[in-house]
Each structure stands twice: as structure tokens, then as C-alpha cells.
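K.L.:
What would the 3D arrangement of this be:
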Amino acid sequence: MYSLHSTEKTISDMIGTSKPYLEARDLRKVYDETVVLDGVSLGIRRGQCLALLGPSGCGKSTILNILAGLLRSDGGQILLGGTVIEDAEKGVSLSARQRRFSMVFQDLSLWPHMTVAENVAFGLDYTGKPMDRSTKKKKVENALKLVGIHELRNRLPSMLSGGQQQRVAIARAIVVEPSVLFMDEPLASLDSQLRETLRDEIARLIRQLKITTLYVTHDHTEAMTVAHEVAIMNRGVMEQCASPEEVYTYPASTFVASFLGCANHFPFTYELEDLRDGTGRHLFPPHPQGGPRGHLLVRRESMNIFSTAQAHEFPGGGKVRWKATVVKNSFSGSRHEIHAVTRKGEVFRGFTPYPLPLDSEVYVEFDPEQAIFVES
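P.N.:
Numbering: from 1, shown residues only. This is a model prediction of the structure:
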């Protein structure tokens with residue numbers, strides 16, 4: 001009737017059975033006795049993108065900086081292609097340059113006195129590999145064509161829009177053909193329409209070029225669109241790592257459900273076990289005394305919210321139905337998001353094609369077959 005998910009996950013649970021190309025094992029970082037990373041393990045398969053998602057201060061940028069070689073860890077290991085490139089206990093740590101990674105920063109860091117082409121070519125100069133002029137020019141031209149700004153190659157950054165500057169930064173990062181590409185909140189400073197366009201372009205590039213990528217963001221829509229897998233961080237701990245579909249449909253904790261905004265959650269009480277349908281069948285299976293207790297998660301899309309006057313339009317057979325009061329009504333283009341609070345104080349969110357007045361009496365209803373149980 002519902003799925004049981006534990007928040008205790010092994011590395012193999014998090015990254016699947018295939019061997020990761022970039023792997024972190026039990027990473028720890030402490031600042032002034034504050035634990036920023038507490039035993040974080042993750043892996044990225046070759047040619048795939050992993051999005052690190054979480055609120056500000058959860059540790060996602062710290063992980064990125066440690067993996068990129070810009071910051072030393074206080075514990076754990078990092079492996080690239082099965083080779084250890086950092087081991088805190090043994091004092092092993094390859095430099096950022098030795099790791100052959102590329103970074104796209106939030107602030108872009110373009111050279112203002114260089115043209116677009118010169119900024120992109122700078123990445124090739126930084127590798128230290130000898131390269132004749134014609135080869136370098138060809139690589140730069142190809143990179144600019146991939147991001148759609150070939151015609152801007154002779155302009156200075158000050159002559160470009162924010163989106164065009166972002167494309168220059170991406171071209172500079174991919175022109176060196178890095179072993180891993182890191183992107184740290186690359187779209188945070190752009191307006192919503194441009195962010196959506198570039199988000200789709202980045203997803204296309206990652207898949208077209210098969211670049212192993214770590215993508216850091218606090219925007220869950222961005223993460224779901226760009227990444228093959230999404231890892232959700234909370235206070236220095238990995239809450240869940242899975243495909244976007246699984247993270248959204250089966251959140252492993254109440255934090256994940258709340259952060260993604262994808263599910264209502266409320267305590268599973270013994271009162272729920274007494275609920276029966278018209279035939280006397282239990283709506284929820286009884287839990288054994290002393291068994292795991294936790295929360296039920298119900299996706300917003302699985303909720304029916306309707307006025308009490310409409311009750312006859314919703315038969316409700318086999319469904320859980322409670323009275324509630326509308327406390328919020330938000331219009332989002334094609335539908336309204338309704339927040340309604342029950343007499344016990346639980347807030348349920350769902351969608352309707354029409355508005356419901358504030359303070360009006362409604363029913364909130366869901367099918368228990370679509371509920372997910374998560375241990376506390």
C-alpha cells in the first residue's frame with residue numbers, strides 16, 4: 001500500500017551498481033568546530049551529470065570546492081577513474097591543475113580586457129600543453145559554435161549581455177575537454193526567462209558532449225532538468241541521491257519532500273490505522289505495536305481539494321477525507337495552488353483549476369494507495 005524508505009543509505013545505494021568515474025568517500029570538513037560536511041559519499045558516472053541540491057549553508061559548495069582541489073578536506077577520500085587523488089589521512093592531494101577539471105563560477109570571472117575568443121583560448125593556455133596556433137583557433141571556434149556565440153568572438157565582455165557572458169564562461173570551461181566539469185550556481189544571477197533557456201542548453205551540451213559534470217544549485221527545477229541524478233544535502237549530510245523522477249516521486253525524508261515542495265507530510269498515527277472504507281476495509285494497514293513510526297507523504301498532484309458544497313461530485317470511496325479551511329490561494333498560470341489547514345493544524349497543498357475563497361470550508365482528500373511512508 002505504501003513504500004518504506006530508510007534515510008540510511010550505502011554508497012552503492014546512492015550511486016547504483018555501475019562504477020563511478022568521480023567518487024567521494026566519507027568526506028568531512030570542519031570550520032571552527034562547526035561540522036560542515038559529515039561523512040558525505042557520492043559518485044558520478046562517466047559522461048553523466050550529478051546535481052548537488054540544497055538550501056544555503058548545507059555544504060554543497062564546500063563539496064564542489066573539495067572535489068575541484070580548491071579546498072582540502074579534513075577526512076575521507078576522492079577517487080578519479082579508480083585512482084586516489086585525495087586522501088586526508090595519508091596527506092595525499094593533487095592540485096586543482098593536476099586534476100584536469102574545469103569550473104564555471106557564479107560570477108563568471110571573465111577577463112575584461114580580452115575578447116570573447118581570447119577568454120576562451122585562455123583556458124587552453126592554462127593547461128600548459130603545447131598547441132599550435134591553428135589547432136587552438138579551431139578548438140576555440142568549435143567551443144563558441146557549441147554555445148551559440150561564434151559571431152561574438154571579437155567582442156569584449158562589457159559588450160555582452162548576462163546570458164552571452166555566461167555562454168563565454170561555459171565555452172572556456174569545455175574547450176579544454178576536462179575530465180570533470182564543475183558548475184557552481186551558474187544561472188543564479190540571470191532573470192527567470194534567460195535562466196530557463198540556458199538551463200535547457202546546458203542540459204543539451206552535457207548530453208551531447210557526454211561531459212562528467214557536478215552541478216551545484218539551490219533551484220530544484222534546474223537540478224531536475226539538467227541532471228541524470230540529484231543529490232540532496234541538508235546540514236552537511238546527504239539526505240537522498242537518486243534519479244530526478246525517484247527523488248520527486250519517492251522522497252526519502254520529510255526534509256526532501258518539504259524542500260522540493262512535492263509532497264504533503266503528516267505524522268502517521270494510530271488514529272489513521274482505524275480508518276475504514278464503506279466496506280469496512282482498513283484504508284491503511286495496521287502497524288505492529290513498537291514497529292517503525294514516521295510520516296505519510298502525499299504528493300500535491302494526488303490531493304483533491306474542493307468546497308464542501310461540491311462533496312457530491314467526489315464519491316470518495318476508499319479515500320481519506322478531512323475537513324479543512326483555505327488559508328492560501330496562489331494563481332500560477334494554468335491552475336491555483338491551494339493551502340488548507342485541518343482542525344489538527346496539518347496544512348495540505350493541492351491544485352485546482354479554479355480559486356477557492358480564503359477562510360472557506362473545504363475537503364482535502366487523497367487515495368491511501370498513493371501515500372508513501374517514511375520512518376522518523
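K.L.:
show me what contacts residue 110?
P.N.:
Residues near residue 110 by Cβ atoms under 8 Å, 6 or more residues apart in numbering: 119, 157, 165, 168, 169, 172. (Glycine included, C-beta is placed from N, CA and C.)
K.L.:
among those, who's most crowded?
P.N.:
residue 172 (28 neighbours; other Cβ atoms under 10 Å).
K.L.:
Quick check: that residue is in a helix.
P.N.:
Yes: assessed with DSSP: H, G, I helix; E, B strand; the rest coil, residue 172 lies in a helix.
K.L.:
Surely it is in contact with residue 120?
P.N.:
Yes: using Cβ atoms under 8 Å, residue 172 is in contact with residue 120, at 4.7 Å.
K.L.:
Between these two, which contacts overlap?
P.N.:
Shared contacts of residue 172 and residue 120, counting by Cβ under 8 Å, 6+ apart, come down to residue 143.
K.L.:
Would you format the contacts of residue 110 as JSON lines with secondary structure included?
P.N.:
Below are the contacts of residue 110 laid out as JSON lines (three-state DSSP):
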{"residue": "119", "secondary structure": "helix"}
{"residue": "157", "secondary structure": "helix"}
{"residue": "165", "secondary structure": "helix"}
{"residue": "168", "secondary structure": "helix"}
{"residue": "169", "secondary structure": "helix"}
{"residue": "172", "secondary structure": "helix"}
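K.L.:
and the nearest residue to residue 311 once chain neighbours are set aside, what element?
P.N.:
Excluding its sequence neighbours, the residue lying closest to residue 311 (Cβ to Cβ, 6 or more residues apart in numbering) is residue 363, at 6.2 Å. Using DSSP states H and E, the element containing residue 363 is strand 361-366.
K.L.:
Ok, residue 241 next?
P.N.:
Residue 241 belongs to strand 237-242, assigned by DSSP H and E.
K.L.:
Would you pull up how far the following helix or strand past that strand lies from the middle of the chain?
P.N.:
Counting by DSSP H and E, the element after strand 237-242 in chain order, helix or strand, is helix 244-249. Computed by Cα atoms, centre = their mean, to the nearest Å, the chain-centroid distance of helix 244-249 equals 10 Å.
K.L.:
and helix 244-249, what does it pack onto?
P.N.:
helix 220-226, strand 229-234, helix 254-260 (3 or more Cβ pairs under 8 Å, 6 or more residues apart in numbering; DSSP states H and E).
K.L.:
which secondary structure elements does the second one contact?
P.N.:
Counting contacts by 3+ Cβ pairs under 8 Å, 6+ apart, strand 229-234 is packed against strand 34-44, strand 49-53, helix 220-226, strand 237-242, helix 244-249, helix 254-260.
K.L.:
Please name the bridge partners of residue 263.
P.N.:
residue 299 (DSSP bridges).
K.L.:
My guess is it contacts residue 297. True?
P.N.:
Yes: between residue 263 and residue 297 there is a contact under Cβ under 8 Å: 4.2 Å.
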